[in-house]
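Visitor: Here is the input, now give the coordinates:
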Amino acid sequence: MGTTPQGWEVVVGLETHTQLSTVSKIFSGASTAFGAAPNTQAATVDLALPGVLPVLNRGAVERAIRFGLAVGGQVSARSIFARKNYFYPDLPKGYQISQYERPVVEGGTLAIRIGDVEKVVRLTRAHLEEDAGKSLHEDFAGMSGIDLNRAGTPLLEIVSEPDMRSAAEAVAYARALHALVRWIDICDGNMQEGSFRCDANVSVRRIGDPKYGTRCEIKNLNSFRFLERAIEHEVERQIDLIDSGGHVVQETRLYDPDRDETRAMRSKEDAQDYRYFPDPDLLPLEITPQWIEQVRAALPELPQARRERFVAQMGLGAYDAATLTASREIADYFDATVAALPSEPKLCANWIMGDLAARLNREDLDISASPVAPAQLARLVARIVDGTLSGKLAKEVFDALWAREGDVDAIIAARGLVQISDAGALDALIAEVMAANPRSVDEFRAGKDKAFNALVGQVMKASKGRANPAQVNERLRAALAG
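Guide: Residues are numbered from 1 along each chain as shown. Take a look at the predicted model:
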């Protein structure tokens, strides 16, 4: 899996349900906090009791505006809430309040990166809607339970155009979208708790065919790995089906990660099957230009703008800039490090993407929980630049910083880690090593370059790693030539 058979093209579009980070639901005052006992966070509106009326949450609308501005979409001055009618046990009203013909955001784009190649994915729309409840099947022998805590949770459904041509591109898009909604603080992005889930619309067509193939929708993919595997499996299934003389049926499918396959769930509904009509309990949503500008003024510097600044002002390459803007927390950490050492942005970037990232990954920590603060990392880099520390000694100091043994200079002093750069001290060490290793000296002078590396290693060992490597190379060569 992972490679599309020759002669075929994959077409993928994603619908992403992003749970908005409001403290209360979209049409009621009930809490959106995760993990409460079943049915303890469902107000009368969420339960659809007779006579209750929905009241729109202003915070949910503001987050939708924030998203529209962040992707360069058109925030609608007037949008309509509609009833999407279908029956399911966890949908108390028998309909879901959503938006259909006039969504809150139309258009927009999102840049993604596949290796060194950047691609722009177009967005169709983003609309506000309420989440449904949850059916519980595991806890009741022979029965199912219904938990309505999620019912009425505010969602922004973000719909892409079918612009992605592989599972890898779909994952890159999902990751970029996940990073953006967290960056602008409209969603916590917690996929385990269902805050960010994707539906993938997948079809295949022969290369050169202008018409799209019949698509199948894979529902509720809540990890990037499952998203990739589900698309790859579905592509393989559709191509095998067509090659064997069959045809793809438009349907909704589920991905089973245990069996690594998709399976049919139900025939795919079209919009008319839901009998959309404007919700008579809700007035049209009107968003003034003043409100839009107020939200725009409060937006943080966006990922694309920050990438461009890192390249233009700090001299970083496109790859480094993209890595350092993978999340707002990483970008903020880098900015804070460079603020403490403005002369060395590239060296700061290398340490953040190298030793710091490796340690965070090994210990499964977010950069916001790093024991090494940006100012301390900057001080460490400064001690490399001024010759106090070699690269090897700096790694030892970094480990001590991670263990919270004190600040950089205190660790250097306590461990006696100052790099030896004094010419006289180095010459004395080199003379001792040459005297103790006459065979290596003779081999080098006979033209064996490997012997030089052995002598360098002996000098570094004699200095307990504290000798300045560049000066050792220079002064050893001079001594051997003498």
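Visitor: pull the longest strand from the chain.
Guide: Selection of the longest strand in the chain by residue count, based on DSSP state E, yields strand 117-130.
Visitor: Three-state assignment for the nearest residue to residue 257 once chain neighbours are set aside, please.
Guide: The shortest distance from residue 257 to any non-neighbouring residue, by CB to CB, 6 or more residues apart in numbering, is to residue 226 (5.6 Å). Every residue, glycine included, has its C-beta placed from N, CA and C. Assigned by DSSP: H, G, I helix; E, B strand; the rest coil, the conformation of residue 226 is helix.
Visitor: Could you check the pLDDT of residue 226?
Guide: The per-residue pLDDT reported for residue 226 equals 94.
Visitor: Packing partners of the longest strand of the chain?
Guide: Applying 3 or more CB pairs under 8 Å, 6 or more residues apart in numbering; DSSP states H and E, one finds that strand 117-130 makes contact with helix 58-70, strand 95-98, strand 105-106, strand 109-114, strand 154-160, helix 167-183.
Visitor: Check the offset of the last one from the chain's centre.
Guide: Think helix 167-183. Chain-centre distance of helix 167-183: 6 Å, with CA atoms, centre = their mean, to the nearest Å.
Visitor: just checking, what packs against it?
Guide: Counting by 3+ CB pairs under 8 Å, 6+ apart, helix 167-183 packs on strand 8-19, helix 58-70, strand 109-114, strand 117-130, strand 196-206, helix 224-243, helix 303-314, helix 328-340.
Visitor: So, low pLDDT: which residues of the protein?
Guide: Regions of the chain meeting the criterion pLDDT under 70 cover residues 1-2, 268-271, 418-423, 425-426, 446, 464, 472, 482.
Visitor: hang on, the earlier thing: tell me the angle the longest strand of the chain makes with helix 303-314.
Guide: 140 degrees (axes from the mean of the first three to the mean of the last three CA atoms, to 10 degrees).
Visitor: Convert strand 117-130 to CSV, retaining C-alpha atoms only.
Guide: As requested, the backbone C-alpha atoms of strand 117-130 are provided in CSV (Å, rounded to 0.1, in the frame of the first residue of the first chain):
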residue,chain,number,x,y,z
VAL,A,117,7.0,20.7,-2.4
GLU,A,118,4.3,23.2,-1.3
LYS,A,119,0.7,22.8,-2.5
VAL,A,120,-2.4,24.9,-2.0
VAL,A,121,-5.6,23.1,-1.1
ARG,A,122,-8.8,25.0,-1.8
LEU,A,123,-11.6,25.1,0.8
THR,A,124,-15.2,25.0,-0.2
ARG,A,125,-16.8,26.2,3.0
ALA,A,126,-16.9,26.1,6.8
HIS,A,127,-20.2,26.0,8.5
LEU,A,128,-21.4,26.0,12.1
GLU,A,129,-23.4,23.1,13.5
GLU,A,130,-24.2,21.1,16.6
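Visitor: how much does that strand deviate in direction from helix 167-183?
Guide: Using the same axes, to 10 degrees: strand 117-130 against helix 167-183 is 60 degrees.
Visitor: buried ones in strand 117-130?
Guide: 121, 123-130 (16 or more other CB atoms under 10 Å).
Visitor: Repeat that for stretch 138-148.
Guide: 146-148.
Visitor: between the residues you listed, which is closest to residue 102?
Guide: residue 148 (28.3 Å; CB to CB).
Visitor: List the contacts of the closest one.
Guide: 38-39, 42, 46-47, 90, 92, 133 (CB atoms under 8 Å, 6 or more residues apart in numbering).
Visitor: Now for these: which two are most distant?
Guide: 38 and 92 (14.0 Å).
Visitor: before we move on, the earlier item: narrow the buried residues of stretch 138-148 to those in strands?
Guide: Among the buried residues of stretch 138-148, the members found in strands (DSSP E) are 146-147.
Visitor: nearest to residue 386, of the buried residues of stretch 138-148?
Guide: Checking the buried residues of stretch 138-148 against residue 386 with CB to CB, the nearest one is residue 147 at 60.3 Å.
Visitor: Quick check, the closest one in contact with residue 40.
Guide: No: with contact defined as CB atoms under 8 Å, residue 147 does not count as touching residue 40 (9.4 Å).
Visitor: Show me the common contact partners of these two, please.
Guide: Joint contacts of residue 147 and residue 40 (CB under 8 Å, 6+ apart) do not exist.
Visitor: re the thing from before, using TSV, lay out the buried residues of strand 117-130 together with distance to residue 473.
Guide: Converted to TSV, these look like this (distance: CB to CB, whole Å):
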residue	distance to residue 473
121	50
123	55
124	60
125	62
126	58
127	64
128	64
129	66
130	68
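Visitor: For the residue nearest to residue 384 when sequence neighbours are not counted, which three-state class applies?
Guide: With sequence-adjacent residues excluded and distances taken as CB to CB, 6+ apart, residue 384 is closest to residue 394, at 5.2 Å. Following three-state DSSP, residue 394 is assigned to helix.
Visitor: So residue 394 sits against residue 382, correct?
Guide: No: using CB under 8 Å, residue 394 is not in contact with residue 382, being 10.5 Å away.
Visitor: Out of the two, name the residue with the larger neighbour count.
Guide: Shown here are residue 394 and residue 382; by other CB atoms under 10 Å, residue 394 has more neighbours (21 against 18).
Visitor: Return the distance of the more buried one relative to residue 45.
Guide: 59 Å (CB to CB, to the nearest Å).
Visitor: again with residue 168
Guide: Per CB to CB, residue 168 is found 42 Å from residue 45.
Visitor: Neighbour count for the two, which is higher?
Guide: Set side by side, residue 168 and residue 45 show more neighbours around residue 45, with 23 against 16, by other CB under 10 Å.
Visitor: Which residues lie in contact with the spatially closest residue to that one that is not a sequence neighbour in this structure?
Guide: Spatial nearest neighbour of residue 45, chain neighbours left out: residue 28 (3.9 Å); criterion: CB to CB, 6+ apart. Residues in contact with residue 28 (CB under 8 Å, 6+ apart) are 43-46, 54-55, 152.
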